[in-house]
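>>> below is the structure, and that's it, no one-letter string:
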Ligand SMILES: [Zn+2]
Ligand SMILES: [Zn+2]
């Protein structure tokens, strides 16, 4: 074994499967781990052991946390706004939390409807969403602005049917700091339609 | 904790310290690990545990392996060529092995001389190199083509002094598949000087 034995080779292969790392950067990462054994490799090994033990999926919203219901679902202050934000993935939930959107709750679909890929309503967490929707005053469908995302949003609105609950979606527009001539026409025309007085 | 508890947060922070990963890709990596707990997170955790236990630095050459002397140093066929390739880092050794340079041996310096950074001959593995140099017929100084790399090469040649051992360096030239107009002038002029008949 040129690259230092099966233990090292296996570590490289597993790290190479992480998003953002390929075989080359996985090799560099493993060398860094070996070089910084005390400060990095052993702590990372311990952190992974703890995470394997502790991490679970929230039975209410689909978030990942070390408790279920998760810390968001079990935070009583999160109920006051009456707002439920529906997202495709946990990564979107985390992004909204980092943006500081306020004391809201979430529902993680775990994907979008995609008939071509054989992904139907029972394959993602839509029934669970419909079952808890009545607890909220407003549901924000924060799905991606893709064909599948919009199909999923329409399907959810159909399933919600006639209801008192307000249903909304994220505004389209110019990203903060974004340059107009890099934006597609759809975004630009939506941004113009939704223009606000200054 | 918005991002799912201290265990997850710590995992993100440790992964973000790996080369090639930043905070954003570390979050995506952790979500991938959680999503693929059985296929990825648990195997990675186990592989890290094993690597922490098994990986050591070769007492002869500075390579990393699970045995010391490493599998290269303890392979008798590696002695036949009489060639020792001196590299700065283990990553360079691995790159040469992937390139299939043949049945050679290596010496990993663990850095280069850099007076400005306070790195002198005793801070890298030069004394160890001089001590084993007489075992070889040829020493290839495969250090990087940087000022520090070349300084280190000159220092090693001085230390080797008058000797029967042939000392060489890697050829400069046009990288295979490289486009000429992307190359710096130094490389181009070296490539011209070292031109070969066809
Ligand atoms: Zn939850
Ligand atoms: Zn060795």
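Ah, there it is. This one's a predicted model, so the numbers in the text were calculated from it and none came from an experiment. Ligands and ions are numbered 1, 2, ... in the order given.

>>> find me the pLDDT at residue A:198, would you?
For residue A:198, the pLDDT comes out at 63.

>>> can I see the domain layout of chain A?
A:6-54, A:79-169 (automatic domain parsing).

>>> of all the ones you listed, which one is nearest ligand 1?
Across those, ligand 1 has its closest neighbour in domain A:79-169 (6.9 Å, C-beta to the ion). Backbone N, C-alpha and C define where each C-beta goes, glycine included.

>>> does that closest one reach chain B?
Yes: residues of domain A:79-169 contacting chain B under C-beta under 8 Å from any C-beta of the partner chain: A:89-91, A:94, A:97-98.

>>> which of those residues sits closest to ligand 2?
residue A:91 (42.6 Å).

>>> how far away is that closest one from residue B:44?
19 Å (C-beta to C-beta, to the nearest Å).

>>> more neighbours: the two, which one.
residue B:44 (23 against 16; other C-beta atoms under 10 Å in any protein chain shown).

>>> which residues does the closest residue to residue A:134 other than its chain neighbours contact?
Spatial nearest neighbour of residue A:134, excluding adjacent residues (C-beta to C-beta, 6 or more residues apart in numbering or on different chains): residue A:165 at 7.2 Å. For residue A:165, the contacting residues are A:133-134, A:136-139, by C-beta atoms under 8 Å, 6 or more residues apart in numbering or on different chains.

>>> again, only using 10 Å
The neighbours of residue A:165, taking C-beta atoms under 10 Å, 6 or more residues apart in numbering or on different chains as the test, are A:82, A:84, A:133-139.

>>> quick one on the thing from earlier: buried deepest among the domains of chain A, which one?
Comparing the domains of chain A on average neighbours per residue, with mean count of other C-beta atoms under 10 Å in any protein chain shown, the densest one is domain A:6-54 at a mean of 19.

>>> just give me the closest of the residues of domain A:79-169 next to chain B to chain B.
Closest to chain B out of the residues of domain A:79-169 next to chain B is residue A:97 (3.8 Å), distances taken as C-beta to the nearest C-beta.

>>> isn't that closest one right up against residue A:104?
Yes: if you go by C-beta atoms under 10 Å, residue A:97 and residue A:104 touch, sitting 9.2 Å apart.

>>> what is in contact with those two at once?
A:72, A:85.

>>> got any ranges where chain A has weak pLDDT?
Counting by pLDDT under 70, chain A contains low-confidence ranges at A:1-3, A:196-198.

>>> now the strands for chain A?
A:56-57, A:64-65, A:83-87, A:105-108, A:138-141, A:166-169 (DSSP state E).

>>> right, is the second one up against chain B?
If I follow you right, that is strand A:64-65. Yes: residues of strand A:64-65 are located near chain B by C-beta under 10 Å from any C-beta of the partner chain, namely A:64-65.

>>> counting by contacts, list what that strand packs against.
On a contact count with 3 or more C-beta pairs under 10 Å, 6 or more residues apart in numbering or on different chains; DSSP states H and E, strand A:64-65 meets strand A:56-57, helix A:90-98, helix B:5-15, helix B:23-35.

>>> let's have the ones you listed in CSV, adding distance to residue A:19.
CSV is the format used below for these (distance: least, C-beta to C-beta, whole Å):
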stretch, distance to residue A:19
strand A:56-57, 19
helix A:90-98, 10
helix B:5-15, 11
helix B:23-35, 5
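
>>> ok, which of those comes nearest residue A:40?
Closest approach to residue A:40 among those (C-beta to C-beta): helix B:5-15, 6.8 Å.

>>> from residue A:173, how far off is the nearest residue to residue A:41 once chain neighbours are set aside?
Closest residue to residue A:41 in three dimensions, ignoring its sequence neighbours and counting by C-beta to C-beta, 6+ apart: residue A:33, at 4.2 Å. Residue A:33 is 43 Å from residue A:173, where distance means C-beta to C-beta.

>>> for residue A:119, list the residues it contacts.
A:110-113, A:148, A:152.
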